[in-house]
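1. the following comprises the amino acid sequence and a computationally predicted model.
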Amino acid sequence: MTLLKIKNLIPVTAMVLTLSGCAGSYYLAGERFNQDMAYNKSIPKLEKCLSMKDFPEAKKMLAEDYRQSNNAPMAEKWYKEVIGLPDAKPSDFIYCAQAMMENGNYEDAKGILNIYLQKMPNEKTGTMMLASCDSVNHFKMDSSKYVVEDVAINTGSSMAPVFYNGGIVFSSDRNSSAKVYAWTGHNYLDLYYAKDNGEGNFASPELLKGAVNGLYHDADATFSPDGSTMYFTRNNYINKKIKQSSEDIALMKIYSSAKDENGEWNNIKELPFNSNDYSCGHPAIANRGATIYFVSDMPGGQGGTDIWMVKKEGDGWGTPVNMGATINTPMNEMFPYIENDSVLYFASDGLYGLGGLDIYSSTKEGSSWSRPHNIGYPINTSHDDFGYLPEKGGETGYFSSNRESSNGSNDKIYHFRKPDLKFTLSGSVVNKKDQTPVQGATIVLLNKKTGRKENTTTGSDGNFMFQLNENTDYSVSGNKDGYFSKTEDISTIGKKQSEDMIVKLKIEMEKIELNKPIVLKNIYYDFDKANIRPDAALELNKLVKILNDNPSIKVELSSHTDCRGTDAYNQKLSQSRAVSAVAYIISKGIAKDRITAKGYGESMPTVKCAPSCESCTEEQHQENRRTEFKVIGFLDLK
């Protein structure tokens, strides 16, 4: 149950009943309780009526009772009946689809919404709800972002925590001595304080002391920065009786209370922007106590309950300002919370979401606010999720939800936290030639952030494993005598927990064979030229990396020409090309004694041009103009 969640009622007109006997009396009793918003008392009367006679008006009223009671499973059941009636209204289809979404029945909801949109083409609420049903996977795509656990202080219905004095103040109906709220059949809400004993463990909750916690609802507190003033929501009552509006609706108002020298909350005053014609509630203090964000169904809003803002003027408060259509919808927005005067969190059932109330964030951008962002699953579900209270920059915090309540009537406070992200690097080392495992390879993991190294040795299966930290760049290298060493880069930067936690890596190692030529692919030369082209430089950088990874090898870099030109000319050209390539490699920090240049002219073509040199195509000539390297020995590094 959430305060101010008063949706537009559908009044039941007095009828000339064709019912007779007990069924009629049960219907009339249910109608009376419905009009008094005593839904908890209305429901059994209407159920009894319908057990005796199939009466359409009772079905309509019962569906409304369950919707207002937040019992989505039963609301879905009866709205399915209602939309089959010949006089079903478009709003009945919306309410049916809402209940289906809250129950997670998205495909069924889509079917109902498509029927609704045939009756009401392009209507915004139905269109938004249909798009939400199609976006469920999007909202759940980061489903492991938070760990969510209920808090041990939950008893009855508990909700809407706010930080205060080393603990939290929250609303609960656990007080067995309180009056019963006919809307829900639960006790009226009171305000409780629970001291935080560390790591989300709280002491036994205690009722706030003083004149607060009266006969009816006292809930949804917020505190001035110094903790001396509390603003909270309370029923409007005089002389122990709830004051009704001109439409006979029990109203909510925002009050302030000052803490006295005994630590009790007294001197309760009504804030000046309240009214006897509409409700105000869910205050959230901001701007060092100079601004209050709150919820109201006052005239001038977007519809339903809206979020408003009011600023302090001297010792009083100014005129409330609606937060506008960016934040508010024709449905219901409620439970605002402002973080660092720059981020607004609130709950809404009128924006793209999973169903019921979802929690959204909006960032202040100058004098305006950004488009609300659904904070997603697992904080948001198909049920009512609200009362968001972040701390530590959103790494942890609290919120409220009725997700575990079978009939939607009980809210709980939940704690959320971002888990420590740990990644597993699972890799293997194989022979590049035949993909068989390489045993005895030394694998070195370098944390580029800290410079720390870890190493392991592969077994007969060639596998290795390391644990990686979040948001970190690494390099991993494989080394084994007789093989070219191989280094690969890997990173966890930007990776989220919901991604595959196993980062797989395969290192292909190639055996070192003395004097075996290895072609450096894509190192081509223009005709009659020895300069290093940009595309060739990229490939020569790979040889630089091989030499850096294998500091003991000595190589010969050879260059070959095509057959055009004389033998002597081509020999000279190939030597010049080899020298250019070696000079480039030395310029990258490779020692001169580790690499030699050798030109072979046209003597070792890849493609033989027969019967004459002119028989080859330009592409074949370019293939013959190649560069190779081979290991010719090893340095003694001991």
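-> Alright, I've got the coordinates. Since the model is a prediction, treat every value here as computed from it, not as a measurement.
2. mind telling me what element residue 425 is part of?
-> When elements are assigned from DSSP states H and E, residue 425 belongs to strand 422-431.
3. so what strands line up beside the very next helix or strand once past that strand?
-> Heading C-terminal from strand 422-431, the first helix or strand you meet, by DSSP H and E, is strand 442-447. If you go by DSSP bridges, strand 442-447 pairs up with strand 453-457 (antiparallel), strand 473-479 (antiparallel).
4. what residues does strand 442-447 touch?
-> Here strand 442-447 makes contact (C-beta atoms under 8 Å, 6 or more residues apart in numbering) with 425, 427, 429, 452-458, 464, 466, 469, 472, 474-480, 507. No exception for glycine: its C-beta is placed from N, CA and C like everyone else's.
5. and those, which are buried?
-> Buried members of the contacts of strand 442-447, scored by 16 or more other C-beta atoms under 10 Å, are 425, 427, 429, 458, 464, 466, 472, 474, 476-480, 507.
6. check contacts around residue 493.
-> Contact partners of residue 493, counting by C-beta under 8 Å, 6+ apart, are 471-473.
7. same thing but at 10 Å, please
-> Going by C-beta atoms under 10 Å, 6 or more residues apart in numbering, residue 493 touches 449, 470-473.
8. what about residue 577, which SS state?
-> Secondary structure, DSSP: H, G, I helix; E, B strand; the rest coil: residue 577 is helix.
9. what's around it, how many residues?
-> Residue 577 has 27 neighbours, counted by other C-beta atoms under 10 Å.
10. which non-adjacent residue is nearest it?
-> Among residues not flanking residue 577 along the chain, residue 559 sits closest, at 4.0 Å (C-beta to C-beta, 6 or more residues apart in numbering).
11. partners of the one you found in the sheet?
-> Per DSSP bridges, the residues bridged to residue 559 are residue 599, residue 627.
12. what sits against it?
-> Residue 559 sits next to 523, 525, 530, 573-582, 597-601, 625-628 when contact means C-beta under 10 Å, 6+ apart.
13. can you tell me which of these are buried?
-> Using 16+ other C-beta under 10 Å as the burial test, these include 523, 525, 530, 573-582, 597-601, 625-628 as buried.
14. ranges for the strands of the stretch 1-150 of the chain?
-> Per DSSP state E, counting those that start in this stretch, the stretch 1-150 of the chain carries strands over the ranges 147-150.
15. tell me where it has helices.
-> Taking DSSP state H, counting those that start in this stretch, the helices of the stretch 1-150 of the chain run over residues 21-35, 39-52, 56-68, 72-82, 90-102, 106-119, 124-134, 136-139.
16. any idea how far the nearest residue to residue 180 once chain neighbours are set aside lies from residue 216?
-> Sequence neighbours aside, residue 187 is the residue nearest to residue 180 in space, at 5.9 Å (criterion: C-beta to C-beta, 6+ apart). Residue 187 is 10 Å from residue 216, where distance means C-beta to C-beta, to the nearest Å.
17. between the two, what contacts are shared?
-> Common neighbours of residue 187 and residue 216 (C-beta under 10 Å, 6+ apart) are 178-179, 181.
18. so which of the contacts of residue 493 is the closest to residue 609?
-> Using C-beta to C-beta, residue 473 comes nearest to residue 609 of the contacts of residue 493, at 48.5 Å.
19. so what's the closest one up against?
-> Residue 473 makes contacts with 446-449, 489-493, as judged by C-beta under 10 Å, 6+ apart.
20. rerun that using 6 Å as the cut-off
-> For residue 473, the contacting residues are 448, 491, by C-beta atoms under 6 Å, 6 or more residues apart in numbering.
21. same check on residue 259?
-> Contacts of residue 259 by C-beta under 6 Å, 6+ apart are 228, 265.
22. quick check: pLDDT value at it.
-> Residue 259 carries a pLDDT value of 95.
23. which phi and psi does the residue nearest to residue 299 when sequence neighbours are not counted have?
-> Closest residue in space to residue 299, ignoring its immediate chain neighbours: residue 278 at 7.2 Å, by C-beta to C-beta, 6+ apart. Residue 278 adopts backbone torsions of phi -160, psi 170, taken as degrees, to the nearest 10.
24. okay, and for the stretch 451-600 of the chain, where does confidence drop off?
-> The stretch 451-600 of the chain contains residues with pLDDT under 70 at 497-505, 522, 525.
25. just the helices in it please.
-> According to DSSP H, counting those that start in this stretch, the helices that the stretch 451-600 of the chain contains are 534-549, 567-587.
26. could I get the CA-only coordinates of stretch 292-301 as CSV?
-> This file holds the C-alpha atoms of stretch 292-301, laid out as CSV (Å, rounded to 0.1, in the frame of the first residue of the first chain):
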residue,chain,number,x,y,z
ILE,A,292,10.7,20.6,-1.0
TYR,A,293,9.7,18.2,-3.8
PHE,A,294,6.4,16.6,-3.1
VAL,A,295,3.4,14.7,-4.7
SER,A,296,0.0,16.1,-5.2
ASP,A,297,-3.2,15.7,-7.3
MET,A,298,-3.8,19.5,-7.2
PRO,A,299,-5.2,21.2,-10.3
GLY,A,300,-2.8,22.3,-12.9
GLY,A,301,-0.9,18.9,-13.2
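27. identify the residues contacting that stretch?
-> Under the criterion C-beta under 6 Å, 6+ apart, residues 4, 278-285, 305, 307-310, 322, 334, 336, 338 lie in contact with stretch 292-301.
28. who's in contact with residue 202?
-> Residue 202 touches 153, 194, 196, counting by C-beta under 6 Å, 6+ apart.
29. what is the least confident helix or strand in this structure?
-> The helix or strand of the chain with the lowest confidence, counting by mean pLDDT, DSSP states H and E, is strand 241-242 at a mean of 51.
30. past that one, which element shows up next along the chain?
-> Following strand 241-242 in sequence, per DSSP H and E, is strand 252-259.
31. before we move on, the earlier item: measure the residue nearest to residue 577 to residue 430 for me?
-> Taken as C-beta to C-beta, the spacing of residue 559 relative to residue 430 amounts to 32 Å.
32. rounded mean pLDDT for whichever helix or strand residue 309 is part of, please.
-> Using DSSP H and E, residue 309 sits within strand 306-313. On average, the pLDDT along strand 306-313 is 96.
33. got the CA coordinates for that strand in PDB?
-> C-alpha atoms of strand 306-313 as PDB (Å, rounded to 0.1, in the frame of the first residue of the first chain):
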ATOM      1  CA  ASP A 306       2.300  14.600 -10.000                       C
ATOM      2  CA  ILE A 307       5.600  15.700  -8.600                       C
ATOM      3  CA  TRP A 308       5.700  19.400  -7.600                       C
ATOM      4  CA  MET A 309       8.400  21.700  -6.200                       C
ATOM      5  CA  VAL A 310       8.100  24.500  -3.800                       C
ATOM      6  CA  LYS A 311      10.800  26.900  -2.500                       C
ATOM      7  CA  LYS A 312      11.200  28.500   0.900                       C
ATOM      8  CA  GLU A 313      10.400  32.300   1.000                       C
END
